[in-house]
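1. Sharing a sequence plus its predicted fold:
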Amino acid sequence: MSPPKHLTGDKAGIEEFLSRFDVFLFDCDGVLWSGDHLFDNVAETLEMLRSKGKQLVFVTNNSTKSRADYKKKFDKMNIPAKVEEVFGSSYSAAVYIARILKLPGPKNKVFVLGESGVEQELDAEGVSYIGGTDSAFRRDIEPEDFTNLANGSALDPDVGIVLSGLDFHVNYLKLATAFQYLQRGAVFLATNTDSTLPMAHSLFPGAGSTGAGLVKAIGKEALSLGKPSQAMMDAVEGKFHFDRSRTCMVGDRLNTDIQFGIEGKLGGTLAVLTGVSKKEEFLAEGAPTVPMAYVDALGDLLG
Ligand SMILES: O=C(O)[C@H](O)[C@H](O)COP(=O)(O)O
């Protein structure tokens, strides 16, 4: 395998690289921004790509926001983007539940570990749910909770799915409730399983970490509907109908974004060094996941 091409400062190399693709799938956290801090020249770079006739799709594993929430964030960041260009893991999970899994009612309700983004996308797909941001779960577990969870009286008999996403309010009561549903045979899904969340130019526990206690307790992994899952790639392709050989995945995390593009047999992958992964990880001898090319920051594509 040829070593990844370092495109920063290589104007001719950038032009040649961009000419290979008609569609760019963009990761968000760690590539466009860190939290509310927009990286340099991101808006100008996206505008340059649009001016070259490239189609942009924003493929994010951050399930705390819905597509509509992301559109508001793009607007706040003065980044021209349409809500139709956003494809998040909360939307991916909701589409999977509603259109692929399609459990027969009424046992197709979802118990959510996650934030508003998941709830909004489940609502949009007409999927009923409990848990999530419901403040009734934001309390300590009490002795009677153990009794009522164990005998099932505190459980909703229509719950057939547990969906685990990045949850900023995870607690023992929510974990115990989700665990009891799983013990009773609920399907175990995750919006994504990222170990860390890039924020404020640092790292914090990600969706995979806030859901790790449940995985440990139940003794099995959830089916993830976020990157690098190819269920997500198939759903994205199904919506945007692109030619995979003329499509490039741009991301900051090797084991989600770049792996997503490679396993999806896209025409190329571009790593960006402003997020989670470091170049040493993919330049090392025998590195398992190697991008086609990389830049220090997305704005470097302006040449
Ligand atoms: O823990 C998470 O959910 C992820 O770190 C985070 O939200 C990833 O978002 P992305 O980089 O896919 O935009």
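-> It's in.
2. On the pLDDT front, check the residue in the stretch 101-250 of the chain that the ligand sits nearest to for me.
-> With Cβ to the nearest ligand atom, the shortest gap between the stretch 101-250 of the chain and the ligand falls at Gly206, namely 2.5 Å. (C-beta placed from N, C-alpha, C; glycine too.) Listed pLDDT for Gly206 reads 97.
3. sec struct for the closest residue to it other than its chain neighbours, please.
-> Using Cβ to Cβ, 6 or more residues apart in numbering and skipping residues adjacent in sequence, the residue nearest Gly206 is Asp194, 3.8 Å away. Three-state assignment for Asp194 (DSSP: H, G, I helix; E, B strand; the rest coil): coil.
4. So Asp194 is in contact with Gln259, correct?
-> No: between Asp194 and Gln259 no contact is recorded; they are 11.8 Å apart, counting by Cβ atoms under 8 Å.
5. Compare those two (neighbour count), which wins?
-> Neighbours were counted for Asp194 and for Gln259 using other Cβ atoms under 10 Å; Asp194 has more, 27 against 20.
6. Which residues are in contact with that one?
-> Counting by Cβ atoms under 8 Å, 6 or more residues apart in numbering, Asp194 touches Asn61, Leu166, Gly206, Ala207, Gly208, Gly226, Arg253, Thr256.
7. Next up, the contacts around the residue lying closest to the fourth one once chain neighbours are set aside.
-> With Cβ to Cβ, 6+ apart as the criterion, Ala207 has its nearest non-adjacent residue at 3.8 Å, and that residue is Leu166. Leu166 makes contacts with Asn62, Ser63, Thr64, Gly114, Glu115, Thr191, Asn192, Asp194, Leu197, Gly206, Ala207, Thr210, as judged by Cβ under 8 Å, 6+ apart.
8. Most neighbours of all the residues you listed, which one?
-> Thr191 (36 neighbours).
9. Now that we're looking at it, what pLDDT does it have?
-> Thr191 carries a pLDDT score of 98 in this model.
10. From here on, call the first residue 596.
-> Okay, residue one is now 596; in that scheme the one you just asked about reads as Thr786.
11. wait, isn't it in contact with Thr659?
-> No: using Cβ under 8 Å as the test, Thr786 is too far from Thr659 to be in contact (9.2 Å).
12. Next, show the common contact partners of the two.
-> Residues touching both Thr786 and Thr659 by Cβ under 8 Å, 6+ apart: Ser685, Gly709, Val713, Gly760, Leu761.
13. Filter those down to just the ones in helices.
-> Among these, the ones falling in helices (DSSP state H) are Ser685, Val713.
14. Show me which residues of this protein are close to the ligand?
-> Taking Cβ under 6 Å from any ligand atom as the criterion, the neighbours of the ligand within the chain are 622-625, 655-657, 761, 787, 789, 791-792, 801-802.
15. Restricted to helices, list those residues.
-> Ala802.
16. Sketch out the low-pLDDT regions of this protein for me.
-> Across the chain, the ranges flagged by pLDDT under 70 are 596.
17. So which residue is dead centre in it?
-> Nearest to the geometric centre of the chain sits Asn656, at 0.8 Å (Cα atoms, centre = their mean).
18. thought that one was touching Ala802?
-> Yes: using Cβ under 8 Å, Asn656 is in contact with Ala802, at 7.1 Å.
19. okay, and the common contacts of these two?
-> Ser684, Thr786, Asn787, Asp789, Gly821.
20. Phi, psi for the third one please.
-> In other words, Asn787. Main-chain dihedrals, Asn787, degrees, to the nearest 10: phi -170, psi 170.
21. Report the spatially closest residue to it, excluding sequence-adjacent ones.
-> What sits nearest to Asn787 in space, not counting adjacent residues and going by Cβ to Cβ, 6+ apart, is Gly821, at 2.8 Å.
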